[in-house]
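**Q** Could you look at this predicted model? Sequence included:
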Amino acid sequence: MMTNLFSSFDPISSIFNFSLNWMSTLIGMFLIPLMFWTLPNRLTILWLNLLNILHDQFKTLLLPNGKVGSTIIFVSTFSFILFNNFMGLFPYIFTSSSHLSFTLSLALPLWLSFMLYGWLTKTNHMFIHLVPQGTPPILMPFMVCIESISNIIRPGTLAVRLTANMIAGHLLLTLLGNTGPLTMNSLILFQILIISQLLLLILEIAVSIIQSYVFVVLATLYSSEVN
C-alpha cells in the first residue's frame, strides 16, 4: 500500500540490500541482442527501418563536418531511453527514467564529452559561440555570461525535461487508479474511468516515444555546435 502519491517512484524493493527496481533498466541488454541471432521477423524489420530513419536524421543534424559513425551513440541512446520508458508503463515495474539519477547519468557525460572535445580541439570555435553574430560591442560581456549560463544548464534541462514528463503521466495514472474503488458503485463512472485510463495510457506511449526523440535530438544539436 502506498504511503503517499510519490511512493510509487521510490526504489524500495530489494533482496539482500540489492535494489530490484533498477533491474528493468538492464533487461534490455539481455533481450535486444537476441534479434541478431534469430531469423528476421516483421518486428525486427520495423525496428531496423526505424533505426535507419533515425540514422539519416541525425546525420543531417550533425552537418557534413560530423564524424563518420557518430550517429551510433545517438541511436543507441534513443533505443535505451525508449526501452526504459516503455518498461515503466507495465504494472508493478519501476520507472527508472523518472529519476534524475538515471537521466543525469545520460545527459551529463554526453554534454561533458562535447564540451571537452570542443574546448580542447576547437577553442576559437567555442569562443565564437559565446557571442552571437551582430551583437553590439557594449552588450558582448553580458552575452558571454548569458551564453555561458545557458550552456552550463543544458544537461540539467535535458535531464529534468525527461524526468518531469515521465513523472507527470504516471502521477495522472496513479491518481485515476486510486479513485477506482470510489466508482465501483456507479457503472457509468467506472466506465468513464476505464476509458480515461486507456486514453492516458495511449498518451503515455506517445510521450515515451516523443521524449526519447527530443532528448536525443537536443543532444545531437549540442554536438553539432562543436563540429
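**A** Everything's here; your move.
**Q** Ramachandran coordinates for the residue of the chain most remote from its centre?
**A** Distance from the C-alpha centroid of the chain, by Cα atoms, centre = their mean, peaks at Asn185 (39.9 Å). Here is the backbone geometry of Asn185 (degrees, to the nearest 10): phi -80, psi -20.
**Q** For this protein, which segments count as helices?
**A** Applying DSSP state H to the chain gives helices spanning 23-31, 42-61, 71-87, 100-121, 123-129, 140-152, 154-178, 187-226.
**Q** Serialize the ones you listed to JSON lines and add fields for mean pLDDT, distance to Phe94 and mean neighbour count.
**A** C-betas here are computed from N, CA, C, even on glycine. Below are the helices of the chain laid out as JSON lines (pLDDT from 0 to 100; distance: least, Cβ to Cβ, whole Å; neighbours: other Cβ atoms under 10 Å):
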{"stretch": "helix 23-31", "mean pLDDT": "72", "distance to Phe94": "6", "mean neighbour count": "13"}
{"stretch": "helix 42-61", "mean pLDDT": "84", "distance to Phe94": "24", "mean neighbour count": "13"}
{"stretch": "helix 71-87", "mean pLDDT": "88", "distance to Phe94": "8", "mean neighbour count": "20"}
{"stretch": "helix 100-121", "mean pLDDT": "88", "distance to Phe94": "10", "mean neighbour count": "16"}
{"stretch": "helix 123-129", "mean pLDDT": "78", "distance to Phe94": "39", "mean neighbour count": "12"}
{"stretch": "helix 140-152", "mean pLDDT": "84", "distance to Phe94": "31", "mean neighbour count": "12"}
{"stretch": "helix 154-178", "mean pLDDT": "86", "distance to Phe94": "11", "mean neighbour count": "17"}
{"stretch": "helix 187-226", "mean pLDDT": "88", "distance to Phe94": "15", "mean neighbour count": "16"}
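**Q** Is it possible to get TSV of the ones you listed that adds distance to Ile93?
**A** Formatted as TSV, these follow (distance: least, Cβ to Cβ, whole Å):
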stretch	distance to Ile93
helix 23-31	5
helix 42-61	21
helix 71-87	6
helix 100-121	14
helix 123-129	41
helix 140-152	34
helix 154-178	11
helix 187-226	13
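**Q** Thr135: neighbour count?
**A** 14 (other Cβ atoms under 10 Å).
**Q** dump the residue contacts of it.
**A** Taking Cβ atoms under 8 Å, 6 or more residues apart in numbering as the criterion, Thr135 is in contact with Met143.
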